[in-house]
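[1] Test case, fold it:
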Amino acid sequence: MKLVKEPLPGLLVLQPNIFEDQRGYFFESYNQKIFNDLGITCNFLQDNQSLSVEKGVLRGLHFQKPPFAQAKLVRAVLGSVYDVVVDIRKGSPTFGEHFGIELSETNKTFLFIPEGFAHGFVTLQQNSLFNYKCSNVYNQPSEGGILWNDQTLNIDWKTNQPILSEKDKINLTFDEFDSPFVYK
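    Next comes the predicted model:
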């Protein structure tokens with residue numbers, strides 16, 4: 001596993017070491033020691049997986065408030081997604097900035113998202129399978145969200161007509177949102 005870049009403080013783009021031959025490929029999708037050596041020392045407690053059968057399914061922007069805040073290690077197992085994170089840590093030099101990256105079964109890229117970021121993605125292909133390792137368990141009363149098409153954030157989601165859940169249609173705008181996260 002190698003660190004490719006750190007686009008926002010704490011946010012890491014990672015690429016696994018891939019071993020390919022005529023049969024296909026092999027790579028370690030998680031090795032705690034290797035991730036610890038890269039500075040990812042959280043203990044992952046829960047794995048989540050989502051399948052989006054249609055192109056243009058948008059999920060986000062989501063986070064969990066402390067004490068159930070989650071760091072995430074995410075990747076697309078099948079298909080591809082445009083993955084977006086927003087820095088919501090008060091006092092951060094990049095507060096309110098976002099970063100987007102394509103994650104796909106082809107590029108096998110991982111994104112490590114520390115606590116204090118809102119996260120979302122839109123599927124770029126049908127039947128996209130997305131995997132999340134989470135550092136904390138899901139807690140419904142702690143979940144929060146920011147409106148996906150917030151004008152202040154001005155995120156280019158690579159689609160004009162996303163397929164959204166009812167919940168994601170009514171999240172708070174960035175200006176209405178009072179972040180419980182503080183940059184350390």
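[2] Could you verify that residue 25 is part of a helix?
    No - remark: residue 25 does not belong to a helix; assigned using DSSP: H, G, I helix; E, B strand; the rest coil, it is strand.
[3] what sits against the residue lying closest to it once chain neighbours are set aside?
    Distances taken as CB to CB, 6 or more residues apart in numbering put residue 18 closest to residue 25, at 5.4 Å, once the chain neighbours are dropped. (Each C-beta comes from the backbone N, C-alpha and C, glycine too.) By CB atoms under 8 Å, 6 or more residues apart in numbering, residue 18 lies in contact with 25, 26, 27, 108.
[4] Just want the most central residue of the chain.
    With distances taken as CA atoms, centre = their mean, residue 119 lies nearest the centre of the chain, 4.7 Å away.
[5] Note down every partner strand of the helix or strand it falls within and its orientation.
    Here residue 119 sits within strand 117-123, counting by DSSP states H and E. Here strand 117-123 has these sheet partners by DSSP bridges: strand 58-64 (antiparallel), strand 80-87 (antiparallel).
[6] quick one, which of those strands is nearest to residue 39?
    Evaluated over these, closeness to residue 39 peaks at strand 80-87, with 17.1 Å, by CB to CB.
[7] Let me know the average pLDDT across the closest one.
    Throughout strand 80-87, pLDDT has a mean value of 98.
[8] follow-up on the earlier one: how close does the residue nearest to the centre of the chain get to residue 33?
    Distance of residue 119 to residue 33, computed by CB to CB, to the nearest Å: 26 Å.
[9] and if you look at residue 21?
    For residue 21, the distance to residue 33 equals 26 Å [CB to CB].
[10] try residue 47
    19 Å.
[11] Over to residue 67?
    27 Å.
[12] And residue 111, by the same measure?
    20 Å.
[13] So which of these two has more stuff around it?
    residue 111 (24 against 7; other CB atoms under 10 Å).
[14] quick one: secondary structure of the residue lying closest to that one once chain neighbours are set aside?
    Residue nearest to residue 111 in three dimensions, not counting chain neighbours: residue 74, with 5.2 Å by CB to CB, 6+ apart. The three-state label given to residue 74 by three-state DSSP is strand.
[15] Tell me which residues touch residue 74, please.
    83, 103, 110, 111, 113, 119, 121, 130, 131, 132, 133.
[16] cutoff 7 Å now
    Residues counted as contacts of residue 74 (CB atoms under 7 Å, 6 or more residues apart in numbering) are 83, 103, 110, 111, 113, 130, 131, 132.
[17] Closest one of those residues to residue 154?
    residue 83 (17.1 Å).
[18] Just the residues contacting the longest helix belonging to the chain, thanks.
    Longest helix in the chain, counting residues (DSSP state H): helix 32-37. Contacts with helix 32-37, where a contact means CB under 7 Å, 6+ apart, come from residue 1.
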